[in-house]
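1. make a model of this:
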Amino acid sequence: MVRLALPIFIKKFGVENISVILTTLKNVQIQEASNGKNMLSLLKEHENSQVIDDPSSITNDSVKAMSVGIYESNPFFSISENQDINIQKVKRYIILRSGKIDLEKFAAFVHEFGHAIKSTRNEFSISHKDSQNTLIYRNGLIHNRQSMSLQGDKILLKNISSVGTGMEEGVNTMFEEDIVNEILSMNRNDIPEDLLELFDTIRENRENDEEYKSNAYGPECAAARALFNIPGFPERIIYDELYGTSKTEAFYDSMIPEDKKSKNSWHLMLKNLDDTMRYNYLAIQSMQKLNRTKLKENMQKRVDSFTQVATQIIGMSKFYKQKREDPDQEIRL
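-> Model prediction:
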């Protein structure tokens, strides 16, 4: 899977970022759940027993257990004599379900390898400001902060803030679709002989050469595609994902009139897209509990949140177009 996908990953992220991709291969273990063992049990084997986690994610264990693939990273810590907490090492994994490599499993690998690439630089750091240890997590556009406190020989993590997961999943899913489709469209004569069996297997059961489309993160992916269609955004988003900068936020906000930024800012759009994703997970949980009322309520909230995202992108696009066409004049509403 790595050999088949790697050239397209390099093409997608740019040759100038090849060192990040190759570093990812060195630092991430790719594992497959063995027969009789589900994804969740393998994830729990990798947990850091030193940590008591108060998770901010609403993704429950049943969702993880049903996943085809998961990217997971676990920091391990050292504690100094003056009670400062520092990162000792980070272990990173891509975990895939057992069984043969079909299109679904290959696409899951592409998706999770995308997450791994975008966590290679500065994924975890600790702030010691004002005598408070704060764990900062960055994966692509995702930025999470957790307070750290000692409980005997354990470290208690509590969520402070989280933003960017919806947009990051959208961009990553878009890349997943693009990379898989480029591979599926390749000529069989261009595939190394020892990869032909894998290539043929992932192409099985495709009707009329239909394009691959992920069955997850549909609205989030649509938002990402809309932004990538606007000149100036793709290169800034990719750079932010790989290196943890904030070029996209500054660029996006520069397209919004000052008196409209409170309703259209990049940070607010990230939050609205986070809500879009969060209500989807809540809807899944409602369905698992056979609660039709909550299911309907959460699905409506998902639609409402995404409508706000779409409205923001459309509004920003109009401001952007007008500014490009008439850069010397004040943006008109």
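
2. list phi and psi for K89.
-> phi -160, psi 160 (degrees, to the nearest 10).

3. got a pLDDT number for it?
-> Among the per-residue scores, K89 holds a pLDDT of 94.

4. right, and it touches F77 too?
-> No. In this structure, K89 is not within contact of F77 by C-beta atoms under 8 Å, at 9.1 Å. Glycine gets a C-beta too; all of them are placed from N, C-alpha and C.

5. which of these two has more neighbours?
-> The neighbour comparison of K89 against F77 (other C-beta atoms under 10 Å) goes to F77, with 18 against 9.

6. isn't there a helix covering the more buried one?
-> No. Assigned with DSSP: H, G, I helix; E, B strand; the rest coil, F77 falls outside any helix and is strand.

7. bridging residues for it?
-> F77 has these beta-bridge partners by DSSP bridges: I87.

8. quick check: it vs T307, distance?
-> Note on F77: its distance to T307, by C-beta to C-beta, to the nearest Å, is 42 Å.

9. ditto for N17
-> On the measure of C-beta to C-beta, N17 and T307 end up 34 Å apart.

10. can you check F199 too?
-> Counting by C-beta to C-beta, the separation of F199 from T307 is 41 Å.

11. quick one, helices of the stretch 51-200 of the chain?
-> 61-65, 103-117, 165-184, 196-202 (DSSP state H, counting those that start in this stretch).

12. what's the second one in contact with?
-> When contacts are taken as C-beta atoms under 8 Å, 6 or more residues apart in numbering, the neighbours of helix 103-117 outside the stretch itself are 1-2, 4-5, 9, 13, 20-21, 24, 28, 30, 67-71, 92, 94-97, 99, 139-140, 172-173, 175-176, 179-180, 198, 202-206, 212, 214, 242.

13. unless I'm mixing things up, I155 is touching S147, no?
-> No. The criterion here is C-beta under 8 Å, and I155 misses it with S147 at 10.3 Å.

14. who has more neighbours out of the two?
-> The neighbour count for I155 versus S147, taken as other C-beta under 10 Å, is higher for I155 (21 against 14).

15. quick one: low-confidence parts of the stretch 151-300 of the chain?
-> The stretch 151-300 of the chain contains residues with pLDDT under 70 at 207-208.

16. how about the longest helix seen in the chain: buried residues?
-> What stands out as the longest helix in the chain, according to DSSP state H, is helix 292-325. Buried positions in helix 292-325, judged by neighbour count with 16 or more other C-beta atoms under 10 Å: 295, 298-299, 301-302, 305-306, 308-310, 312-313, 315-316, 319-320, 322-323.

17. check the offset of that helix from the chain's centre.
-> A distance of 19 Å separates the centroid of the chain from that of helix 292-325, by C-alpha atoms, centre = their mean, to the nearest Å.

18. which one is S317 nearest to, not counting chain neighbours?
-> Of all residues not flanking S317 in the chain, I230 sits nearest, at 6.2 Å (C-beta to C-beta, 6 or more residues apart in numbering).

19. tell me if the one you found really is in a helix.
-> No. Checked against three-state DSSP, I230 lies outside a helix; its state is coil.

20. distance-wise, check it relative to Y320.
-> 6 Å.

21. and T23, by the same measure?
-> To Y320, T23 is 34 Å away according to C-beta to C-beta.

22. pLDDT averaged over stretch 19-39 - what is it?
-> 89.

23. what number of residues lie near D274?
-> Neighbour tally, D274, other C-beta under 10 Å: 22.

24. give the contact list for it.
-> 162-167.

25. avg pLDDT for stretch 5-14?
-> What stretch 5-14 shows for mean pLDDT is 96.

26. in it, which residues are buried?
-> Residues 5, 8-9, 12-13 are the ones in stretch 5-14 that count as buried (16+ other C-beta under 10 Å).

27. now it: how far from the chain's centre is it?
-> Put simply, stretch 5-14 sits 17 Å off its chain's centre (C-alpha atoms, centre = their mean).

28. could you dump that stretch to PDB, C-alpha only?
-> Extracted in PDB, the C-alpha atoms of stretch 5-14 (Å, rounded to 0.1, in the frame of the first residue of the first chain):
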ATOM      1  CA  ALA A   5       0.400   5.400  -2.800                       C
ATOM      2  CA  LEU A   6       3.700   7.100  -2.000                       C
ATOM      3  CA  PRO A   7       4.400   8.700  -5.500                       C
ATOM      4  CA  ILE A   8       0.900  10.200  -5.500                       C
ATOM      5  CA  PHE A   9       1.300  11.600  -2.000                       C
ATOM      6  CA  ILE A  10       4.500  13.300  -3.000                       C
ATOM      7  CA  LYS A  11       2.800  14.700  -6.100                       C
ATOM      8  CA  LYS A  12      -0.200  15.900  -4.000                       C
ATOM      9  CA  PHE A  13       1.800  17.600  -1.200                       C
ATOM     10  CA  GLY A  14       4.600  18.800  -3.500                       C
END
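
29. which residues touch that stretch?
-> With contact meaning C-beta under 8 Å, 6+ apart, stretch 5-14 is reached by 18, 20-21, 106, 109-110, 113-114, 117, 175, 178-179, 182-183, 238, 242.

30. how does the protein divide into domains?
-> 2-209, 218-323 (automatic domain parsing).

31. nice, that's everything, thank you.
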